[in-house]
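Enquirer: Got a predicted model here, sequence first, then my questions.
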Amino acid sequence: MDIQSLNVRNFRNLRHIDFEPHPRFNIISGQNGQGKTNLIESIYWLATLRPFRTTRIRELVAWSEDESSVDARIRHLGLDHRLSVQIKNGQRLAQREGKKTRANQYFGALSVVLFTPDDVGLVRGAPDGRRRFLDRAIFTGKPTHFDDCVAYRRALDARNKLLRDNASDDLLDVYEQTLARIGSQIIKSRTSFIKSVNSMFVENVDAILGDGAAAEIRYKRSASTDESIEDELIQIWLKDRQRDRDRGFTQKGPHSEDLVVSLSGHNARNYASQGQQRALVLALKIAEIQLLKKRQDQVPVVLLDDVSSELDAYRNERLFHFLNRFEGQVFITTTDPAYLRIDGDKKQFSIERGSLSIQET
Ligand SMILES: Nc1ncnc2c1ncn2[C@@H]1O[C@H](COP(=O)(O)OP(=O)(O)OP(=O)(O)O)[C@@H](O)[C@H]1O
Ligand SMILES: [Mg+2]
């Protein structure tokens, strides 16, 4: 799949951008604060209907404007598609093929894998960053996953409110059943993703680090068996109920789980060097792309926001080694094109104060 044309209006500092990207590499260079990440975010927003730097969609609309829109023509499996997402009066309006659609009918024409400087700190950072990584990666191959996450969050907030309001045990029983049903769905999706991605991840780490250190990725989840996840969750919440009442929130569940990445049997978060941690993240991101191809024969559009500046020369070389062989469309932003080692066909753009211009090569 690739984006054949993109039109962005009043999205953050991008007043009006209209261009035809290259089916392979698109390099967008510009100084700090010119709109590089905004452009990547506009594509991510169009593909996922989620912003990646905020949860408030109003922030996406250019200051002093009321409306924003992102439109694209996409070619996927020999067919043309049109996607469009508008923000009007703080509301989102998504359209596919020119018709208003519900989110679950919207997805499928455009999948993106995003790699940002924030991801580089994934291994070292807090568990919520790793859960976000995991849920985003699952979403790319299974768009209903975000609905599960949103439904879980709502049900969790409801339980937390009941705990604080000192609600009866009977009422909590009922809410916990709903929470367990959605929670078990999330756990199943996460388990299946980790299982599938592990071998590719291990191979990639081997290729990037090349020092024989065995890597592993493990999902530290609330339930131990695959058959009775729902029951296990209900048991956990029942056991913790008094403690949860005292604290006023639900401590355990899919919202407190973690992804453990280890190198030679030791948790990489605590023991791996900075360079090793970055290599692990890179290996994981590449595995995420490989998995889409293997599982669904989907070649996603890859969005790289200024990651080269975060990787050292060797890791950068490995990234471009992969990208040069990857057959899909790539958008790369950078403050300095000298970091980029691209062999393939490309278009180069520069961005200044929210305006994009093509550079002759
Ligand atoms: N809603 C908005 N309306 C107008 N401008 C905005 C809005 N949100 C953010 N901006 C501005 O957009 C500008 C560009 O931001 P962006 O993050 O895209 O920069 P960048 O080119 O990626 O810079 P860096 O190299 O530092 O990452 C910032 O100056 C910011 O103030
Ligand atoms: Mg940026």
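Expert: Arrived safely. Everything numeric in this text was worked out from a predicted model, so none of it was measured. Ligands and ions are numbered 1, 2, ... in the order given.

Enquirer: Need phi/psi at the closest residue to His81 other than its chain neighbours.
Expert: Using CB to CB, 6 or more residues apart in numbering and skipping the chain neighbours, the partner closest in space to His81 is Ala109 (3.9 Å). C-beta: built from backbone N, CA, C; applies to glycine. Per-residue torsions, Ala109: phi -80, psi -30 (degrees, to the nearest 10).

Enquirer: Could you list the residues of the stretch 201-350 of the chain in contact with ligand 1?
Expert: Within the stretch 201-350 of the chain, the positions adjacent to ligand 1 are Asp306, Thr335 by CB under 6 Å from any ligand atom.

Enquirer: Would you map the helices across the stretch 201-350 of the chain?
Expert: Along the stretch 201-350 of the chain, counting by DSSP state H, counting those that start in this stretch, helices occupy 229-239, 241-247, 268-271, 274-296, 313-325.

Enquirer: what's the answer for the stretch 51-200 of the chain, then?
Expert: 103-106, 117-120, 127-141, 145-164, 169-209.

Enquirer: Now that we have these, can you turn them into JSON lines and tack on mean neighbour count and mean pLDDT?
Expert: JSON lines is the format used below for those (neighbours: other CB atoms under 10 Å; pLDDT from 0 to 100):
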{"stretch": "helix 103-106", "mean neighbour count": "14", "mean pLDDT": "82"}
{"stretch": "helix 117-120", "mean neighbour count": "19", "mean pLDDT": "82"}
{"stretch": "helix 127-141", "mean neighbour count": "19", "mean pLDDT": "91"}
{"stretch": "helix 145-164", "mean neighbour count": "17", "mean pLDDT": "95"}
{"stretch": "helix 169-209", "mean neighbour count": "18", "mean pLDDT": "93"}
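
Enquirer: Of those, which is nearest Glu41?
Expert: Among these, the nearest to Glu41 by CB to CB is helix 117-120 (12.3 Å).

Enquirer: tell me how far the closest one is from the chain's mean position?
Expert: In terms of CA atoms, centre = their mean, to the nearest Å, the centre of helix 117-120 is found 11 Å from the chain centre.

Enquirer: which strands and helices sit next to it?
Expert: With contacts taken as 3 or more CB pairs under 8 Å, 6 or more residues apart in numbering; DSSP states H and E, helix 117-120 sits against helix 274-296.

Enquirer: Can you point out the buried residues in the helix it packs on?
Expert: Buried residues in helix 274-296, counted by 16 or more other CB atoms under 10 Å: 276-292.

Enquirer: Quick one: neighbours of Pro21, just the number.
Expert: For Pro21, the neighbour count with other CB atoms under 10 Å is 21.

Enquirer: tell me the secondary structure for it?
Expert: coil (DSSP: H, G, I helix; E, B strand; the rest coil).

Enquirer: Asp2 versus that one, what's the distance?
Expert: Note on Pro21: its distance to Asp2, by CB to CB, to the nearest Å, is 7 Å.

Enquirer: Quick check: neighbours shared by these two?
Expert: Gln329 (CB atoms under 8 Å, 6 or more residues apart in numbering).

Enquirer: Ile43: which element?
Expert: helix 36-48 (DSSP states H and E).
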